[in-house]
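Asks: okay, structure incoming, though there's no sequence with it:
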DNA sequence: GATCCGTGGTT
DNA sequence: TAACCAAGGAT
């Protein structure tokens, strides 16, 4: 990369401008320590895990519930896995929840509840990658660390007019970001960069007139800021199809299973279903996957649709009411009024809601 | 480097 | 509506 850029962006000017802007526009977030307050590493860590690929607005309620229920890393470590997964249900990327719990147990068990205060130490914990390690080191421990998330990549790409497409440009953008990181207030600087990206240097229609860095921004000067960072074209999402089985027992309980620990929706609850991880257009035969034998299946009208990161899914729903409540290998009979305690991902919550709406008629 | 892994909001 | 996008990590 080229360190000799057209403008002098030695860290004092840009960082000072940005920090001054941050002090004037600081947002109050549930996990953010007030001015002068000492950050709680547990809260910083918890929030950073939740914020991975997830918006501030979505995280807010989850963060509050977790903190109220498990105020310290020891409390979280002592919790049963099912409770953690249930509390996480709806947030998505469920490997985060599994790693969160594993990390809590590592910190509480092997480190006496004390988080590492270096990037390398943090990076070694489950669920903590380059971004999160740098963010915790900077925000919770005031370490000089270069925090690079999607916001920072966008800000830096525009500031230096980097036209190389993503994701190939990532190393370049990281190196350029490192040249900006100040010795003082690195945690505030990191949050300022992310806040700037989230509220001013937005993906579309950036508010350059309100930007504290506009005078230094090569992308704005060149008139290409909104086009940056450039991106390589992405593959389109295929459609997958399957059939879900909603089974109610005579006692009014719902049949659920726990999905395999790894992979899609790993460790979460599901209603029994055919496989859908197959080729486009192919649908497994429901007859081969009925969770209980001899039931009278009713094909419910309508389709449950759900979009995942890399494919879309359409599920038909077959429903059955049984007279009794047979034991089903790997199955759990859940009272309908206790479904809030199940670890139901949004897809499965949709299926259950869809089925109950029809069956209650 | 490429792929897999959720969900909800915005445009 | 469809596409895009978000305080990414693991493999």
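Replies: Perfect, thanks for sending it. Keep in mind the model is a prediction, meaning the values are calculated, not measured.
Asks: is stretch A:63-71 positioned near DNA strand C?
Replies: No - using CB under 7 Å from any atom of the strand, we find that stretch A:63-71 stays clear of DNA strand C, coming within 10.4 Å at best. In short, each C-beta sits where N, CA and C put it, glycine included.
Asks: all helices of the stretch 101-250 of chain A, in order?
Replies: Taking DSSP state H, counting those that start in this stretch, the helices of the stretch 101-250 of chain A run over residues A:119-123, A:130-141, A:150-159, A:170-180, A:186-199, A:218-222.
Asks: closest to DNA strand B out of those?
Replies: helix A:170-180 (6.5 Å; CB to the nearest atom of the strand).
Asks: now mean pLDDT too, for the helices of the stretch 101-250 of chain A, in TSV please.
Replies: As requested, these are exported to TSV (pLDDT from 0 to 100):
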stretch	mean pLDDT
helix A:119-123	97
helix A:130-141	97
helix A:150-159	97
helix A:170-180	96
helix A:186-199	95
helix A:218-222	96
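Asks: mind showing which ranges of chain A have poor pLDDT?
Replies: A:1-12, A:278-281, A:361 (pLDDT under 70).
Asks: point me to the residue of chain A nearest DNA strand C.
Replies: For chain A, CB to the nearest atom of the strand, closest residue to DNA strand C: residue A:129, 2.6 Å.
Asks: Provide a list of residues in contact with that residue.
Replies: Residues counted as contacts of residue A:129 (CB atoms under 8 Å, 6 or more residues apart in numbering) are residue A:123.
Asks: quick check on it: phi, psi?
Replies: phi -100, psi -160 (degrees, to the nearest 10).
Asks: for burial, what's the neighbour tally of residue A:64?
Replies: 12 (other CB atoms under 10 Å).
Asks: quick one: the helix or strand it falls within to helix A:186-199, angle?
Replies: Residue A:64 is part of helix A:56-69 when elements are defined by DSSP states H and E. Interaxial angle of helix A:56-69 relative to helix A:186-199 (axes from the mean of the first three to the mean of the last three CA atoms, to 10 degrees): 130 degrees.
Asks: so which elements touch the helix or strand following helix A:56-69?
Replies: Later in the chain than helix A:56-69, the nearest helix or strand by DSSP H and E is helix A:73-78. Judged by 3 or more CB pairs under 8 Å, 6 or more residues apart in numbering; DSSP states H and E, the packing partners of helix A:73-78 are helix A:41-50, helix A:95-110.
Asks: how about a cut-off of 6 Å?
Replies: helix A:95-110 (3 or more CB pairs under 6 Å, 6 or more residues apart in numbering; DSSP states H and E).
Asks: now the helix it packs on: buried residues?
Replies: The neighbour-count check on helix A:95-110 (16 or more other CB atoms under 10 Å) flags A:96, A:97, A:98, A:99, A:100, A:101, A:103, A:104, A:105, A:107, A:108 as buried.
Asks: so, in contact with DNA strand B or not, it?
Replies: Yes - residues of helix A:95-110 contacting DNA strand B under CB under 7 Å from any atom of the strand: residue A:95.
Asks: I'd like to check the angle between that helix and helix A:56-69, please.
Replies: Put simply, helix A:95-110 runs at 40 degrees to helix A:56-69, going by the same axes, to 10 degrees.
Asks: so how many other residues sit close to residue A:232?
Replies: 9.
Asks: check the one 5 residues further on too.
Replies: Residues near residue A:237, counting by other CB under 10 Å, number 13.
Asks: likewise for residue A:272?
Replies: Per other CB under 10 Å, the neighbour tally for residue A:272 reads 20.
Asks: right, and it touches residue A:246 too?
Replies: No - if you go by CB atoms under 6 Å, residue A:272 and residue A:246 don't touch, sitting 8.7 Å apart.
Asks: how about the residues of chain A by DNA strand C?
Replies: Counting by CB under 7 Å from any atom of the strand, the residues of chain A close to DNA strand C are A:29, A:32, A:47-48, A:51-56, A:93, A:95, A:99, A:126-133, A:135, A:149-151, A:154, A:191, A:194-195, A:197-198, A:203, A:231, A:234, A:236, A:309.
Asks: need the distance between the two termini of stretch A:227-236.
Replies: 21 Å (CA to CA, to the nearest Å).
Asks: ok so, going back, do the helix holding residue A:64 and DNA strand B meet at all?
Replies: Yes - interface with DNA strand B: helix A:56-69 contributes A:57, A:58 (CB under 7 Å from any atom of the strand).
Asks: from the contact counts, what lies against that helix?
Replies: Using 3+ CB pairs under 6 Å, 6+ apart, helix A:56-69 sits against helix A:41-50.
Asks: hey, where'd the strands end up in the stretch 201-350 of chain A?
Replies: A:239-248, A:253-258, A:269-270, A:298-299, A:304-307, A:312-321, A:331-335 (DSSP state E, counting those that start in this stretch).
Asks: residue A:14: which of the ones you listed is closest?
Replies: Distance to residue A:14, taken as CB to CB, is lowest for strand A:304-307 among these, at 38.7 Å.
Asks: ok, the closest one: who's next to it in the sheet?
Replies: strand A:312-321 (antiparallel) (DSSP bridges).
Asks: show me what from the stretch 101-250 of chain A comes close to DNA strand B.
Replies: A:167, A:168, A:170, A:171, A:204, A:235.
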